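A.B. asks: heads up, no residue letters with this:
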């Protein structure tokens, strides 16, 4: 069995390569925009901005499973580059889905909490009405719709507040700023569940194993849209405070900065963020018999990972 991993140099793609769980399921073909892997080695070349190029890649590699960890993720810049963001996050899924449907391949695609407007006060179920409030969310929702309409076998895994020990993310930004400054101001009126790429990788591999081990008549019941996020919830301010507590405990910082709570209006950005991004993950846990632990567990794991690299 051949598995194509799109976006192998992104923070999620790199976690898939480090984990090796995906590679244990078959022959893994990593794909990056220039064919070079961030941690060394080479893979295939592919860019979701080039629909013809993606079609050629799939014809060349002929995978049984396509894991799409590639995306346009610049939320603020998307307000100025909506055409590009929608081509990468939306139209590319029509191309991938069309090929997968024609060749009976499974597509694993990651979506986001940004497909919702953030006005809810209870965790969003998978079938809650979508209503994105920005260009990034509109593009990701377009991708979901294109993949469903293609008729391909698929798993759409929505996640949120993603971070890792590598790449560009909130945790690494906080650690850098916390080492440089005595005081930080962090938004305290946006709610979500920080989710490590380690958890997304483990959940994805568990879901794939369940799908592969199931008879054809059962696979359809496993397919569809799921919420793959950590359990519990916090705010960006709460997440930052927990990061600094654990970083101090594990020797990543010599002292904690003063973290002041501010409102969204005190930190204006080009793109609006959903105020409430908590996703109901109970369906994923039941369907794939996989426990999604509290978000603080994943933070501890990543802080320990960073600490071990430093020692």
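C.D. replies: Received, thanks. Everything quoted here is computed from the prediction, not taken from an experiment. Numbers count the residues shown, from 1 in each chain.
A.B. asks: Can you get me a residue count around residue 218?
C.D. replies: 11 (other CB atoms under 10 Å). Heads up, the C-betas are built off the backbone N, CA and C, glycines and all.
A.B. asks: swap that for residue 243, sorry
C.D. replies: For residue 243, using other CB under 10 Å, the count is 26.
A.B. asks: Residue 281 now?
C.D. replies: 24.
A.B. asks: My guess is residue 202 contacts residue 21. True?
C.D. replies: Yes: the pair formed by residue 202 and residue 21 meets the contact definition of CB atoms under 8 Å, at 7.0 Å.
A.B. asks: The two - which one has more neighbours?
C.D. replies: Comparing residue 202 with residue 21 by neighbour count (other CB under 10 Å), the higher total belongs to residue 202, at 19 against 16.
A.B. asks: contacting residues around the more buried one?
C.D. replies: Contact criterion CB atoms under 8 Å, 6 or more residues apart in numbering gives 19, 21, 290 as the residues in contact with residue 202.
A.B. asks: I'd like those residues as JSON lines, with pLDDT appended.
C.D. replies: Rendered in JSON lines, the data for the contacts of residue 202 read as follows (pLDDT from 0 to 100):
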{"residue": "19", "pLDDT": "94"}
{"residue": "21", "pLDDT": "94"}
{"residue": "290", "pLDDT": "98"}
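A.B. asks: contacting residues around the closest residue to residue 64 other than its chain neighbours?
C.D. replies: Taking CB to CB, 6 or more residues apart in numbering, and ignoring the residues beside it in sequence, residue 64 has residue 1 as its nearest neighbour in space, at 4.7 Å. For residue 1, the residues meeting the contact criterion (CB under 8 Å, 6+ apart) are 25-27, 64-65.
A.B. asks: can you give me the strands in this structure?
C.D. replies: Taking DSSP state E as the test, the strands found in the chain are 2-6, 27-32, 44-45, 65-68, 106-112, 153-159, 162-163, 183-187, 191-192, 195-196, 224-227, 234-235, 258-262.
A.B. asks: Which of these sits closest to residue 124?
C.D. replies: Each of the strands of the chain was checked against residue 124 via CB to CB, and the shortest separation belongs to strand 224-227, namely 7.6 Å.
A.B. asks: Stretch 224-233: end-to-end distance?
C.D. replies: Distances were taken as CA to CA, to the nearest Å; on that basis the terminal residues of stretch 224-233 are 24 Å apart.
A.B. asks: can you give me the offset of it from its chain's centre?
C.D. replies: Going by CA atoms, centre = their mean, to the nearest Å, the spacing between the C-alpha centre of stretch 224-233 and its chain's C-alpha centre is 11 Å.
A.B. asks: Contacts only, for residue 63.
C.D. replies: By CB under 8 Å, 6+ apart, the residues touching residue 63 are 2-4, 29, 105.
A.B. asks: Between all of those residues, which two are at the greatest distance?
C.D. replies: 29 and 105 (12.5 Å).
A.B. asks: The nearest residue to residue 171 once chain neighbours are set aside: neighbour count?
C.D. replies: Among residues not flanking residue 171 along the chain, residue 163 sits closest, at 4.3 Å (CB to CB, 6+ apart). For residue 163, the number of neighbouring residues by other CB under 10 Å comes to 24.
A.B. asks: Residue 163 and residue 198 touch, don't they?
C.D. replies: No: using CB under 8 Å, residue 163 makes no contact with residue 198, being 9.8 Å away.
A.B. asks: any shared contact partners between those two?
C.D. replies: Both residue 163 and residue 198 are in contact with residue 302, where contact means CB under 8 Å, 6+ apart.
A.B. asks: coming back round to it: quick one: which of the contacts of residue 1 is nearest residue 141?
C.D. replies: The shortest gap between residue 141 and any of the contacts of residue 1 belongs to residue 65, at 23.5 Å (CB to CB).
A.B. asks: circling back to that earlier point, who wins for neighbours among the contacts of residue 63?
C.D. replies: Across the contacts of residue 63, neighbour numbers were computed from other CB under 10 Å; residue 4 holds the maximum, 27 neighbours.
A.B. asks: Which residue is the nearest non-sequential neighbour of that residue?
C.D. replies: Ranked by CB to CB, 6+ apart and with sequence neighbours excluded, the top spatial neighbour of residue 4 is residue 63, at 4.0 Å.
A.B. asks: if I look at that neighbour, how far off is residue 57?
C.D. replies: Residue 63 sits at a distance of 9 Å from residue 57 (criterion: CB to CB, to the nearest Å).
A.B. asks: Next: residue 234.
C.D. replies: Summarising the geometry, the distance separating residue 234 from residue 57, computed by CB to CB, is 39 Å.
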